[in-house]
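**Student:** curious how this folds, go ahead:
(one chain, ligands or ions: 1)
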Amino acid sequence: MTTKEGDKPWEEGKLVPFGPIQINPCAGVLNYGQGVFEGMKAQRTKKNEILLFRPLDNGKRMEESSSRMTMPPYDAQKYVFWIKKVVAANEEYIPPYGKGSLYIRPILFGSGPVLGVAPAPSYTFIIFVVPVGPYFKEGFKPIKLEITKQYHRAATKGTGNVKTVCNYAGTIKPAIETHERGFDQLIYLDAMHEKYIEEVGTANFFCVLNEELVTPKLGSILPGITRASIMTLAKDKLEMNVIERDIAYEEVFNASEVFCTGTAAVVTPIGSINFEGKEHVFNNFKVGKVTQDLYDLLTGIQLGDKPDPYNWVVKVK
Ligand code: PLP
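**Tutor:** Prediction:
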């Protein structure tokens, strides 16, 4: 669906077959990166229902990302309406229970022509989907990470807290280099002090320190929907103290458990963190109890196996 030049409201959307789109070479997104996206999943339950997880929160985050990038926000309620329509229309591609999910990728970008650095005159919003296998192909296994001072992901007061395409292009080279050194992903530090943990590639960071669950405070990190859910579950179900604050990387080396969270990563245990050639191992490279409990609680709700007291899941069918 698109906006018309000079028109603020969005045109009504429609379902169309997946395929290439035509785009003006002067489009705002191609020249100045005026674009945002979201990432969600639809999953089948044992009873063959189809569930989404907190879609309205994704819609609201897309509204915020769009405003930051000077683009007309698409209404979050209507966003959920269209997410459901696209998922229902692609039902045959949703893997069976426990075998994967339908990944949902909404993109919103400046499609109208613009030559000076300015907002594009019109915008396009597309939702496409793709079936994906389970994230943990070899089982629920801790990953190996590295802390880098070589690159930063986001500047203080920059755009790190919104899901704009601009934040991602620059992270591909660091990720390739860390893979070549034998790590799964890297941990970015804050750009101002190069001291505080920010994020793990495209996932939020958590550690268990003195039996409290600690996570970097919001600022230049993406406010993950999984992050918010994990904080609630740890408080309510595990009765843990949950603290959002600056976490100096040296502190983390004493953590009893470390993990990261995201739509794709779900809850991924972190087995070791390498810093300046020294490897710091957590919980003997085994999945810790808090990590396992939070993974079970979250996936139980997402897959419809456990009650959902928070009304987080939304039924498509
Ligand atoms: N951090 C970044 C940079 C991300 O791209 C993502 C994925 O969307 C996350 C964190 C996790 O966010 P969520 O839990 O909403 O998927």
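
**Student:** pLDDT weak spots in the protein?
**Tutor:** 1-8, 136-139 (pLDDT under 70).

**Student:** what does it put close to the ligand?
**Tutor:** Within the chain, the residues that sit near the ligand (CB under 6 Å from any ligand atom) are 39, 199, 202-204, 222, 224-227, 261-263. C-betas here are computed from N, CA, C, even on glycine.

**Student:** what do you get if the cut-off is 8 Å, keeping everything else the same?
**Tutor:** For the chain, the residues in contact with the ligand (CB under 8 Å from any ligand atom) are 38-39, 57-58, 61, 153, 160, 163, 167-168, 199-204, 221-229, 261-265.

**Student:** tell me the strands beside the strand or helix carrying residue 261, with direction?
**Tutor:** Per DSSP states H and E, residue 261 falls inside strand 257-262. Strand 257-262 pairs in its sheet with strand 203-209 (antiparallel), strand 266-275 (antiparallel), by DSSP bridges.

**Student:** wait, doesn't residue 146 sit right on residue 186?
**Tutor:** Yes. Assessed by CB atoms under 8 Å, residue 146 is found in contact with residue 186 at 5.1 Å.

**Student:** what do these two both touch?
**Tutor:** residue 178 (CB atoms under 8 Å, 6 or more residues apart in numbering).

**Student:** coming back round to it: as a markdown table, the strands paired with strand 257-262 with mean neighbour count would be great.
**Tutor:** Compiled in a markdown table, the strands paired with strand 257-262 are given as follows (neighbours: other CB atoms under 10 Å):
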| stretch | mean neighbour count |
| --- | --- |
| strand 203-209 | 23 |
| strand 266-275 | 23 |
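
**Student:** residue 146 and residue 186: which is more packed in?
**Tutor:** residue 186 (25 against 21; other CB atoms under 10 Å).

**Student:** contact partners for the more buried one?
**Tutor:** Contacts of residue 186 by CB under 8 Å, 6+ apart are 145, 146, 147, 148, 151, 174, 175, 178, 200, 201.

**Student:** my read is the second one is in a strand, agree?
**Tutor:** Yes. When the secondary structure is assigned by DSSP: H, G, I helix; E, B strand; the rest coil, residue 146 falls within a strand.

**Student:** bridging residues for it?
**Tutor:** residue 186, residue 274.

**Student:** circling back: of the strands paired with strand 257-262, which is nearest residue 17?
**Tutor:** Between residue 17 and those, the shortest gap by CB to CB is with strand 266-275, which sits at 30.6 Å.

**Student:** which residues make contact with that closest one from outside it?
**Tutor:** With CB under 8 Å, 6+ apart, strand 266-275 has contacts from 135, 140-147, 183, 187, 200, 203, 226, 230, 249, 252-253, 257-261, 279-283, 285-288, 291, 294-295, 298-299.

**Student:** can you say which of those are buried?
**Tutor:** Buried members of those, scored by 16 or more other CB atoms under 10 Å, are 140, 142-147, 183, 187, 200, 203, 226, 230, 249, 252-253, 257-261, 280, 282-283, 287-288, 291, 294-295, 298-299.

**Student:** residue ranges for the strands of the stretch 201-317 of the chain, please.
**Tutor:** Counting by DSSP state E, counting those that start in this stretch, the stretch 201-317 of the chain has strands at residues 203-209, 212-216, 242-245, 257-262, 266-275, 278-281, 313-315.

**Student:** distance from the first one to the middle of the chain?
**Tutor:** Between the mean C-alpha location of strand 203-209 and the chain-wide mean there is a distance of 15 Å, by CA atoms, centre = their mean, to the nearest Å.

**Student:** what do you get for the fifth one?
**Tutor:** Centroid separation for strand 266-275 versus its chain: 17 Å, with CA atoms, centre = their mean.

**Student:** the fourth one too?
**Tutor:** The chain centroid and the centroid of strand 257-262 are separated by 13 Å, computed with CA atoms, centre = their mean.

**Student:** next, the angle strand 212-216 makes with it.
**Tutor:** 50 degrees (axes from the mean of the first three to the mean of the last three CA atoms, to 10 degrees).

**Student:** tell me which residues are up against strand 257-262.
**Tutor:** 199-200, 202-208, 224, 226-227, 230, 252, 267-270, 273, 282-283, 288-291, 294.

**Student:** again, but for the third one
**Tutor:** Applying CB under 8 Å, 6+ apart, the external contacts of strand 242-245 come out as 212, 213, 214, 215, 216, 217, 218, 231, 234, 235.

**Student:** mind listing what's buried in it?
**Tutor:** In strand 242-245, counting by 16+ other CB under 10 Å, buried: residue 242.

**Student:** could you dump that strand to PDB, C-alpha only?
**Tutor:** C-alpha atoms of strand 242-245 as PDB (Å, rounded to 0.1, in the frame of the first residue of the first chain):
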ATOM      1  CA  VAL A 242      15.100  -7.400  37.100                       C
ATOM      2  CA  ILE A 243      17.300  -4.500  36.700                       C
ATOM      3  CA  GLU A 244      17.800  -2.200  33.600                       C
ATOM      4  CA  ARG A 245      21.100  -0.300  33.900                       C
END
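
**Student:** lovely, talk soon.
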